[in-house]
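*Asks:* Requesting a structural model of the entry that follows:
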Amino acid sequence: MLAMIVVDPYAALDPPIVANEIALDEALDAIDPLRHLRNQDDLDDHDAQQDIVPTQPRSIQNETIQLSFPISSDKESIQITLKVDASPGCGGIAWPAGEVLSNYIALRGERYCRGRTVLELGSGTGLVGLVAAALGGHVWITDQAPLLGIMRDNVVLNSLQSLVTVTELNWGEQIPSEIPSPDIILAADCVYYEPAFPLLVRTLSDLSEERTEILFCYKKRRKVTSF
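*Replies:* Next comes the predicted model:
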């Protein structure tokens, strides 16, 4: 005889936390830090909230996609070939904020990036930095060590070795000496995990000068954001 046991994750939480929306979000984030990255935004009814870990999307491993970004100056588009692979972590796939930021800088045109030093934080696949390089920027794409391989692959796939440098950069740590002072800092979907916010702010502060432009694009995944 089979018995199905339904576990309510709310049972482990104190009633005052369940009653407080902000405290509840923080408690659920501690249980599942990546829950806001999935196709499930803030939920209002308790029945829907029972599914704290929703059905997982299919695994993405060693796939290649083609993305196109129109340029403002003419009818041509930037074509990017992108290897995506979730094996190293969530940064190994293309998220909507990265495509939005890529579209934005493409629409700014070649004059915006050409000859300027561009640094992308939390690059993941390197998408936004690759678009900046295709526009003529001298680009550094950075992330943690597990994602360096997929970034290097994408640089080669798009024949941008002469314009793009791949470097490890951990937020909150000392900036590697080989990274130059950037004219533009790009960051797409880098604020999904609140404990990393102070580290990101420190890195932005260490990299920035009065002339530095910071382009930040992210999806707001909660009703209250701390950033």
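*Asks:* Low-confidence stretches in the protein?
*Replies:* Counting by pLDDT under 70, the ranges of the chain that qualify are 1-59, 72-75, 193, 221-227.
*Asks:* Could you pick out the longest helix of it?
*Replies:* Across the chain, the helix with the greatest residue count (assigned by DSSP state H) is helix 96-108.
*Asks:* and the helix or strand just after it, what other elements does it pack with?
*Replies:* Next along the chain after helix 96-108, taking DSSP states H and E as the criterion, comes helix 110-113. Applying 3 or more CB pairs under 8 Å, 6 or more residues apart in numbering; DSSP states H and E, we find helix 110-113 packed against no helix or strand. (C-beta placed from N, C-alpha, C; glycine too.)
*Asks:* which other residues reach helix 110-113?
*Replies:* Helix 110-113 has contacts (CB atoms under 8 Å, 6 or more residues apart in numbering) with 71, 73, 105, 132, 133, 135, 136, 137, 184.
*Asks:* can you check stretch 200-208 too?
*Replies:* Against stretch 200-208 from outside (CB under 8 Å, 6+ apart): 119, 121, 169, 171-175, 179, 181-182, 185, 187, 190-191, 214.
*Asks:* What about the contacts of helix 110-113, which are in helices?
*Replies:* 105, 132, 133.
*Asks:* Touching the longest helix of the chain from outside, list them.
*Replies:* 67, 69-72, 77-78, 80, 112-113, 124-125, 127-128, 131-132, 135, 186, 188-189, 215, 217-219.
*Asks:* Please repeat the previous calculation with a cut-off of 6 Å.
*Replies:* 69, 71-72, 78, 127-128, 131-132, 188-189, 217-219 (CB atoms under 6 Å, 6 or more residues apart in numbering).
*Asks:* Which of the residues you listed sits closest to residue 85?
*Replies:* residue 127 (13.2 Å; CB to CB).
*Asks:* Spatially nearest residue to that closest one, not counting backbone neighbours?
*Replies:* residue 98 (4.7 Å; CB to CB, 6 or more residues apart in numbering).
*Asks:* The one you found: neighbour count?
*Replies:* Applying other CB atoms under 10 Å, we find 29 residues neighbouring residue 98.
*Asks:* let's have the chain start at 65 instead
*Replies:* That works, and once the first residue is 65, the last one we named lands at residue 162.
*Asks:* ok, back up a step: counting neighbours, which of the ones in helices among the contacts of helix 174-177 end up buried?
*Replies:* 169, 196, 197 (16 or more other CB atoms under 10 Å).
*Asks:* Present the residues you listed as JSON lines; the columns should include distance to residue 215.
*Replies:* Formatted as JSON lines, these follow (distance: CB to CB, whole Å):
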{"residue": "169", "distance to residue 215": "18"}
{"residue": "196", "distance to residue 215": "13"}
{"residue": "197", "distance to residue 215": "12"}
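*Asks:* Could you give the number of residues near residue 164?
*Replies:* So residue 164, with other CB under 10 Å, has 15 neighbours.
*Asks:* ok, now how distant is it from residue 158?
*Replies:* 11 Å (CB to CB, to the nearest Å).
*Asks:* One more: residue 245?
*Replies:* 28 Å.
*Asks:* of those two, who's got more company?
*Replies:* Taking other CB under 10 Å, residue 245 and residue 158 do not tie; residue 158 has more neighbours (18 against 12).
*Asks:* Now for residue 127: which residues touch it?
*Replies:* Residues in contact with residue 127, defined by CB under 6 Å, 6+ apart, are residue 148.
*Asks:* No further queries at this time; thank you.
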